[in-house]
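Asker: the amino acid sequence is not available; the structure is as follows:
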């Protein structure tokens, strides 16, 4: 098991101070993660030595860039247990991957009256693309409810899956931290004749992910939430699905032969990579995958369970603080959303920021979920490999300061 | 950067005990605004009489202390004023939020307490939310009259 205090040293930004002399405590990892020196160096190395477009030139640099880019694809394929790198489409984000599926698969396959199941805990990025495509095709969205303790309501599963064409479910909730039982969902969905699209933006960075074991049909993931550069990410899909889908974006690279009024398309995954891709970022994501493999995903997960256990214990000691999502740390990831009585999350985040802590306040791009939870917003602390129990202690201390700030001039009448 | 500049006691007071927080069927200005980033949500109501005077003002909604206090102070500050005077207050408030010094602060009353928000750029949106609603309401009112 790695020592997060040693891991921290690989992340230059964690040395910096904010608001004068306050050490930075980065607790917004569900939003984006910091980058290890190895990833930063990889970007610099690419731009200093290998920068070129991919797949086109016949010169040395084009070959090097292509080799690095395709090498990164192979690393990512292995990281998530894909059967080959042709099942990995590079995109610029998980959002783009989800839009790709909604547009390419959805527009070709959805008819009026078809059902698209979306869980109540989905991020807007796995909801809005489906709103757009169902509005265009006449299909309808069926919400899959969650239970009071933040799990998918499995009792509702037979009902929501009945007649469904596709089920859109996050691997791990970006608000509740809930880890969803993807294999169970996939088995039931397939039995009902539906495909399964997994939003892995939160899950892939934190959980051991194996698409063969999951047996879903699509998995979208983000690079910048797993130590990689912004603008990196991808989509895994079973090869036969990708082969059958029409392209999403058109342009260079995705074609074979072009006439003025029609064209034939490149083989997968290139059929879905129109235009110059985010080459350096994707190669940087490959470096991030190397880094995570060196830590070991089993240990990444073990560390996360440890820090979440500690965080939940400490936060529960605070009067008037309510934590959302599963109580069992083994059933949730490193995302802890909470509500503190008398203190709006926005005020709270501002106050803890003055102590150097970056936490998130708001609806976390999950407004339907906020309505289910009955709150306008939550505060959210989210952890990753470089966070320590000291960071949790700093959070608890900062929450105390927030309380004090608001208690000035008499108690609160709430 | 001091938190006391942001969370002045008068702001906390308006947050704890918001003035004019109630629904009115104004028949005049009723505008809803929300901030999709943080979920702050405010509706401003203003009753305007035949002579163009705001005889009553109220707000409804939820949000952080800055958005709620700003709305509460807004209702106090515009009551009894004529619509064109209110436009001047809106202008002065916006100038203050843009960090501009100048005349007009004296007519902002308690609202001057929000001056500290300028040092917290991400929170300016909270402070101006009710004012965005009011300004939209005024322009609707002026089109109709």
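Answerer: Happy to help now that I have it. Since this is a predicted model, take the numbers as computed values, not measurements.
Asker: give me the low-pLDDT residue ranges for the chain?
Answerer: I went with chain A, as the question did not name one. Counting by pLDDT under 70, chain A contains low-confidence residues at A:409-414.
Asker: you answered for a different chain; I wanted chain B.
Answerer: Scanning chain B for pLDDT under 70 picks out the ranges B:1, B:102-104.
Asker: that one: helices as residue ranges?
Answerer: The residue ranges that make up the helices of chain B, judged by DSSP state H, are B:3-6, B:9-16, B:65-78, B:83-97, B:124-144.
Asker: including distance to residue A:99 and mean neighbour count, could those helices go into JSON lines?
Answerer: Heads up, the C-betas are built off the backbone N, CA and C, glycines and all. Written out in JSON lines, the entries for the helices of chain B read as follows (distance: least, C-beta to C-beta, whole Å; neighbours: other C-beta atoms under 10 Å in any protein chain shown):
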{"stretch": "helix B:3-6", "distance to residue A:99": "38", "mean neighbour count": "17"}
{"stretch": "helix B:9-16", "distance to residue A:99": "40", "mean neighbour count": "20"}
{"stretch": "helix B:65-78", "distance to residue A:99": "32", "mean neighbour count": "25"}
{"stretch": "helix B:83-97", "distance to residue A:99": "36", "mean neighbour count": "18"}
{"stretch": "helix B:124-144", "distance to residue A:99": "27", "mean neighbour count": "20"}
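Asker: okay, these in JSON lines with distance to chain A next?
Answerer: As requested, those are arranged in JSON lines below (distance: least, C-beta to the nearest C-beta, whole Å):
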{"stretch": "helix B:3-6", "distance to chain A": "6"}
{"stretch": "helix B:9-16", "distance to chain A": "4"}
{"stretch": "helix B:65-78", "distance to chain A": "5"}
{"stretch": "helix B:83-97", "distance to chain A": "16"}
{"stretch": "helix B:124-144", "distance to chain A": "7"}
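Asker: redo those as a markdown table? Include distance to residue A:399.
Answerer: Rendered in a markdown table, the data for the helices of chain B read as follows (distance: least, C-beta to C-beta, whole Å):
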| stretch | distance to residue A:399 |
| --- | --- |
| helix B:3-6 | 14 |
| helix B:9-16 | 17 |
| helix B:65-78 | 16 |
| helix B:83-97 | 29 |
| helix B:124-144 | 20 |
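Asker: nearest the middle, which residue of chain B would you pick?
Answerer: When C-alpha atoms, centre = their mean is applied to chain B, the residue found nearest the centroid is residue B:74 (3.6 Å).
Asker: closest point of the stretch 1-150 of chain A to chain B, which residue?
Answerer: residue A:19 (6.0 Å; C-beta to the nearest C-beta).
Asker: and that residue, how many residues sit next to it?
Answerer: Counted by other C-beta atoms under 10 Å in any protein chain shown, the residues lying close to residue A:19 total 11.
Asker: run the chain-centre distance for stretch A:376-383.
Answerer: Relative to the chain's own centre, stretch A:376-383 is displaced by 15 Å; criterion: C-alpha atoms, centre = their mean, to the nearest Å.
Asker: revised request: answer the last question for stretch A:237-255.
Answerer: Centroid separation between stretch A:237-255 and its chain, computed with C-alpha atoms, centre = their mean, is 22 Å.
Asker: now do the same end-to-end measure for it.
Answerer: Start and end residues of stretch A:237-255 are separated by 20 Å (C-alpha to C-alpha, to the nearest Å).
Asker: got the contact list for it?
Answerer: Stretch A:237-255 is contacted by residues A:55-56, A:83-84, A:86-87, A:89, A:99-101, A:103-105, A:107-108, A:195, A:217-219, A:263-266, A:268-277 when judged by C-beta atoms under 8 Å, 6 or more residues apart in numbering or on different chains.
Asker: how about a cut-off of 7 Å?
Answerer: Residues from elsewhere that reach stretch A:237-255, judged by C-beta atoms under 7 Å, 6 or more residues apart in numbering or on different chains: A:55, A:86-87, A:100, A:103-105, A:108, A:217-218, A:263-266, A:268-275.
Asker: how close does the residue nearest to the centre of chain B get to residue B:68?
Answerer: In this structure, residue B:74 and residue B:68 are separated by 11 Å, where distance is defined by C-beta to C-beta, to the nearest Å.
Asker: same check, this time on residue A:104
Answerer: To residue B:68, residue A:104 is 45 Å away according to C-beta to C-beta.
Asker: one more: residue A:181?
Answerer: Distance, residue A:181 to residue B:68, using C-beta to C-beta: 41 Å.
Asker: re the thing from before, can you pull the contacts of the residue nearest to the centre of chain B?
Answerer: Contacts for residue B:74 were tallied using C-beta under 7 Å, 6+ apart; they are B:130, B:131, B:134.
Asker: just send the residues you listed back as CSV, with distance to residue A:286 too.
Answerer: Written out in CSV, the entries for those read as follows (distance: C-beta to C-beta, whole Å):
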residue, distance to residue A:286
B:130, 49
B:131, 49
B:134, 52
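Asker: residue A:334 is in contact with residue A:179, correct?
Answerer: No: under the criterion of C-beta atoms under 7 Å, residue A:179 is not in contact with residue A:334, lying 10.8 Å apart.
Asker: of those two, who's got more company?
Answerer: The neighbour count for residue A:179 versus residue A:334, taken as other C-beta under 10 Å, is higher for residue A:334 (28 against 20).
Asker: which ones are touching the closest residue to that one other than its chain neighbours?
Answerer: The spatial neighbour of residue A:334 that comes closest, neighbours along the chain excluded (C-beta to C-beta, 6 or more residues apart in numbering or on different chains), is residue A:383 at 3.8 Å. Residues in contact with residue A:383 (C-beta under 7 Å, 6+ apart) are A:27, A:29, A:304, A:307, A:308, A:334.
Asker: next: residue A:370.
Answerer: Contacts were defined as C-beta under 7 Å, 6+ apart; by that measure residue A:370 touches A:363, A:376, A:377, B:39.
Asker: can you rerun that using 6 Å?
Answerer: Contact analysis of residue A:370 by C-beta atoms under 6 Å, 6 or more residues apart in numbering or on different chains lists residue A:363.
Asker: host element of it?
Answerer: Secondary structure from DSSP states H and E places residue A:370 in helix A:367-373.
Asker: list the buried ones in that helix?
Answerer: Taking 16 or more other C-beta atoms under 10 Å in any protein chain shown as the neighbour-count basis, helix A:367-373 is seen to contain the buried residues A:367, A:368, A:369, A:370, A:372, A:373.
Asker: residue A:332 is in contact with residue A:172, correct?
Answerer: No: distance between residue A:172 and residue A:332: 7.8 Å, which falls outside the contact criterion (C-beta atoms under 6 Å).
Asker: who has more neighbours out of those two?
Answerer: Neighbour count, other C-beta under 10 Å: between residue A:172 and residue A:332, residue A:172 has more, with 26 against 23.
Asker: phi, psi of that one?
Answerer: Geometry field for residue A:172 lists phi and psi as phi -150, psi 130, criterion degrees, to the nearest 10.
Asker: now do it against residue A:325, distance only.
Answerer: With distances defined as C-beta to C-beta, the gap from residue A:172 to residue A:325 amounts to 10 Å.
Asker: over to residue B:99?
Answerer: Using C-beta to C-beta, we find residue B:99 at a distance of 40 Å from residue A:325.
Asker: between the two, which is the more surrounded one?
Answerer: Shown here are residue B:99 and residue A:325; by other C-beta under 10 Å, residue A:325 has more neighbours (25 against 11).
Asker: now residue A:132, nearest residue through space, not along the chain?
Answerer: Leaving out its chain neighbours, residue A:132 is closest to residue A:102 (C-beta to C-beta, 6+ apart), at 7.0 Å.
Asker: no wait, residue A:194
Answerer: In space, residue A:194 comes closest to residue A:164 once its chain neighbours are excluded; the distance is 4.1 Å by C-beta to C-beta, 6+ apart.
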